[in-house]
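Asks: Using only what follows, build the 3D model:
(chains A and B)
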Amino acid sequence: MGLVTVLQLQLQPSLSFSLDFGGRFSCSSTSNSTLLRVSVKCSALSTPLSLGQIAMNCTEAVKGEKGNEVESTNILEFIDQCTNTMQLKQIHAHMLRTSRFCDPYTASKLLTAYAISSCSCLIYAKNVFNQIPQPNLYCWNTLIRGYASSSDPTQSFLIFLHMLHSCSEFPNKFTFPFLFKAASRLKVLHLGSVLHGMVIKASLSSDLFILNSLINFYGSSGAPDLAHRVFTNMPGKDVVSWNAMINAFALGGLPDKALLLFQEMEMKDVKPNVITMVSVLSACAKKIDLEFGRWICSYIENNGFTEHLILNNAMLDMYVKCGCINDAKDLFNKMSEKDIVSWTTMLDGHAKLGNYDEAHCIFDAMPHKWTAAWNALISAYEQNGKPRVALSLFHEMQLSKDAKPDEVTLICALCASAQLGAIDFGHWIHVYIKKHDINLNCHLATSLLDMYAKCGNLNKAMEVFHAVERKDVYVWSAMIGALAMYGQGKAALDLFSSMLEAYIKPNAVTFTNILCACNHAGLVNEGEQLFEQMEPLYGIVPQIQHYVCVVDIFGRAGLLEKAASFIEKMPIPPTAAVWGALLGACSRHGNVELAELAYQNLLELEPCNHGAFVLLSNIYAKAGDWEKVSNLRKLMRDSDVKKEPWCSSIDVNGIVHEFLVGDNSHPFSQKIYSKLDEISEKFKPIGYKPDMSNLLQLSEEDNLMEQSLNVHSEKLAIAFGLISTASSQPIRIVKNIRICGDCHAFAKLVSQLYDRDILLRDRYRFHHFRGGKCSCLDYW
DNA sequence: TTAGGGTTAG
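Replies: Prediction:
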């Protein structure tokens, strides 16, 4: 094979690299020349350069030789000294010209630089790798390592599989830490477990580096127990082992254990380093343990730790999470160096406390408007029940030139759309994701699926679910939650079984959703059994939300005594939500005695609960105890109980219209009320009389004084839906409290008489009205 | 000939 042919072959991958220059890359060969004449047009340099000039630029850049004869011994030094990808590409071009690329050692150095240095460029790394005739283990490991830290860690495993096939050497002690790194980023437990087995078979299970990366893998994959088993059994530990284990506990939601481990580390005279302190602070922040946090801050001060940006950021975060915004502010002002994390932590701290003015001041003072800063602001509004402001900020961000929406921005925007029931905007984001070729990872897919489900399109939610290749526990849980909302309990249970068959370990969220599914579908035995299995079978200690679900399951099914005795036996103190569930059940099934017990307990915990008052008042009214009704209402008027504004919203052509009870502020108000009159006329022949005529029955939405004049917000929204949407379109409504019985009956009749699908999401679930029936089968 | 593990915000 002649030199030209060799070089041509070597140039093959370089053809793709030319595209990254943003210009042309051309090569030609002369019949009698031993070298190719190559010209590259760089986007940064308007005139084409010969390789000689490139080499010269490179030489100048690294203050090396004169002219284009770069000494071959200097090439390795030049590679090491490169500070940007352009310089590396110049050296690459030079190596191709001077045939230095044929030397496997030099080529592997170039590969390393492309794969893992600060000038990394993995497409080039792979191309260089492909040009090395028989890459040795070092080269394979380097490529695996490069991809392990990339945006696509799966590639590490594909390369590893290829290596097992093609490389004559076995994976060694360097291979596994890189693979565990990739596995920890993918958070796929069984993948790492298989690797763990390979480590044992390869007799590498006492290697400190491998074991430390294994602890980190189990910790990142939600298995702190397995991480701890490795930690306990390892023959020798260094500070990295302790740090990895502290972090595994903190990540696994066990900050207490993380802090205990730090104390144990102290007792065993293992000297902590900066990373230990960062991990411990992170655990304090997660535990909201200000006392320990402050102690750590003084420990840092007294133990000779020099100022360190990440450590300062971790302290800031601890103060913010523990609610000490002033301490955070003092530290922030003292910090000699600040980065995006410092600014965002402060911004987020203020925004989460609802100090929006302060948050905006920080945003304005930022040296650069990072995407993360926009995200912090948008997410604060979204999470504090201000989805409209969140979406308007999202629009503002799109108009700004400084930052582009990223995955986190889109997740926040999807959550805001879900809150509003703004399906058109949510769908727009879906299109945006596709158009910009944004990777639909599990987090984004979960938000998208959730948005479709909450906006009343279960089929589309299911479509997104099926489109996710590697579903994590959150994707599965969200789909189970979506089915629960639609009352499809059996389907939710089937999906839960499929999830277990796919070896996905359920978490606390999965159980909240599956119990909720049992609740909405009246599956009492199934729900009870799942709850009992949570800890012994799945290792999940039931939390308060699970207890609420079970009380609701029993209560809704009329098993009031069983619900009450379940509360009595709870190992954790019942919260207002637990008593609220019992009170709701008493209201539905008319048990005055238990209702009073639930009401008293609830009021002790939440003295200003308007919903509790309404429920008890209705229970008394149903039982005909007018004196108690009257006393309760007087008490209510005299107290400071304030209602949040209950409302219903409807998305019409991308605009969300909101209605309050008895609202007449909408521009189409007159038409809306005329439509309601028309509906009443239509309903007369079939004998429908609104429950509103019974002044003693209240719903949460009613105003005491002007009750007879009020029309519930969902009726207004339904009427508006009928006049403003095509007859073929479903009417999608979101309500921020539970639908009342009268409106439920009203919606059923409208769906029948106007032949319309109505999808109404209340605080707890979906009601799909069609042909006079509701998907909840009147069980809600 | 070459190398590796643990850290902060949204």
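
Asks: From here on, just use CA atoms for contacts and neighbour counts.
Replies: OK.

Asks: A:I650 - that's part of a strand, no?
Replies: Yes. The assignment for A:I650 (DSSP: H, G, I helix; E, B strand; the rest coil) places it in a strand.

Asks: Give me the neighbour count for it.
Replies: Applying other Cα atoms under 10 Å, we find 28 residues neighbouring A:I650.

Asks: Spit out the contact partners of it.
Replies: By Cα atoms under 8 Å, 6 or more residues apart in numbering, the contact list for A:I650 reads A:G421, A:A422, A:V656, A:H657, A:E658, A:A717, A:G721, A:I731, A:R732, A:I733, A:V734.

Asks: List the beta-bridge partners for it.
Replies: Listed beta-bridge partners, A:I650: A:H657, A:I733 (assigned using DSSP bridges).

Asks: Could you check how far the one residue in the stretch 551-700 of chain A that gets nearest to DNA strand B is from A:A202?
Replies: Nearest to DNA strand B in the stretch 551-700 of chain A, going by Cα to the nearest atom of the strand, is A:V656, at a distance of 24.5 Å. A:V656 is 61 Å from A:A202, where distance means Cα to Cα, to the nearest Å.

Asks: which one of the two has more residues nearby?
Replies: Set A:V656 next to A:A202 and count neighbours by other Cα under 10 Å: A:V656 wins out with 18 against 13.

Asks: Sketch out the low-pLDDT regions of the stretch 651-780 of chain A for me.
Replies: Scanning the stretch 651-780 of chain A for pLDDT under 70 picks out the ranges A:689-710.

Asks: about what we covered before: A:S417 is in contact with the residue of the stretch 551-700 of chain A closest to DNA strand B, correct?
Replies: No. A:V656 lies out of contact with A:S417 (Cα atoms under 8 Å); the separation is 9.8 Å.

Asks: Report the contact partners of A:N233.
Replies: Going by Cα under 8 Å, 6+ apart, A:N233 touches no other residue.

Asks: Sketch out the low-pLDDT regions of chain A for me.
Replies: Chain A contains residues with pLDDT under 70 at A:1-73, A:640-644, A:689-710.

Asks: And the strands in it?
Replies: Using DSSP state E, the strands of chain A run over A:25-28, A:37-40, A:49-50, A:647-652, A:655-660, A:731-735, A:758-761, A:766-770, A:773-774.

Asks: Quick one: neighbours of A:A726, just the number.
Replies: 11.

Asks: any idea how far A:L420 is from it?
Replies: The gap separating A:A726 from A:L420 is 21 Å, by Cα to Cα.

Asks: Likewise for A:A403?
Replies: 25 Å.

Asks: Those two: which has the busier surroundings?
Replies: In this comparison of A:A403 against A:L420, neighbours counted by other Cα under 10 Å, the higher total goes to A:L420 at 29 against 16.

Asks: Quick one: residues contacting the residue of the stretch 401-550 of chain A found nearest DNA strand B.
Replies: At 6.0 Å from DNA strand B, A:V408 is the closest residue in the stretch 401-550 of chain A, using Cα to the nearest atom of the strand. When contacts are counted by Cα under 8 Å, 6+ apart, A:V408 touches A:N375.

Asks: same thing but at 10 Å, please
Replies: The neighbourhood of A:V408, defined by Cα atoms under 10 Å, 6 or more residues apart in numbering, consists of A:T371, A:A372, A:W374, A:N375, A:A376, A:I378, A:S379, A:L414, A:H443, A:L444.

Asks: These: which two are farthest apart?
Replies: A:W374 and A:H443 (18.7 Å; Cα to Cα).

Asks: Pick out whichever of those two has more residues nearby.
Replies: A:W374 (24 against 15).

Asks: Please tell me how far the residue lying closest to that one once chain neighbours are set aside sits from A:L377.
Replies: In space, and not counting its chain neighbours, A:W374 is closest to A:M397: 7.1 Å by Cα to Cα, 6 or more residues apart in numbering. Remark: distance between A:M397 and A:L377 (Cα to Cα) = 11 Å.

Asks: higher neighbour count, these two?
Replies: Higher neighbour count among A:M397 and A:L377: A:L377, with 25 against 20, using other Cα under 10 Å.

Asks: is it true that the more buried one touches A:E358?
Replies: No. A:L377 lies out of contact with A:E358 (Cα atoms under 10 Å); the separation is 11.2 Å.

Asks: which neighbours do the two share?
Replies: Joint contacts of A:L377 and A:E358 (Cα under 10 Å, 6+ apart) are A:L347, A:H350, A:A351.

Asks: burial count for the last one?
Replies: Just to be clear, that refers to A:A351. The number of residues packed near A:A351 is 23, by other Cα under 10 Å.

Asks: distance of it from DNA strand B?
Replies: 10 Å (Cα to the nearest atom of the strand, to the nearest Å).

Asks: give the contact list for that residue.
Replies: Neighbour list for A:A351: A:345, A:357-360, A:376-381, A:383-384 [criterion: Cα under 10 Å, 6+ apart].

Asks: tell me which parts of the stretch 401-550 of chain A are close to DNA strand B?
Replies: Applying Cα under 7 Å from any atom of the strand, we find that the stretch 401-550 of chain A lies next to DNA strand B at A:D406, A:V408.

Asks: let me fix that: the stretch 1-150 of chain A
Replies: Neighbours of DNA strand B within the stretch 1-150 of chain A, by Cα under 7 Å from any atom of the strand: A:Y105, A:S108, A:K109, A:N136, A:L137, A:Y138, A:C139, A:N141, A:T142.

Asks: and the closest residue to A:F769 other than its chain neighbours, bridged to which residues?
Replies: In space, and not counting its chain neighbours, A:F769 is closest to A:I758: 5.0 Å by Cα to Cα, 6+ apart. For A:I758, the beta-bridge partners are A:I731, A:F769 (DSSP bridges).
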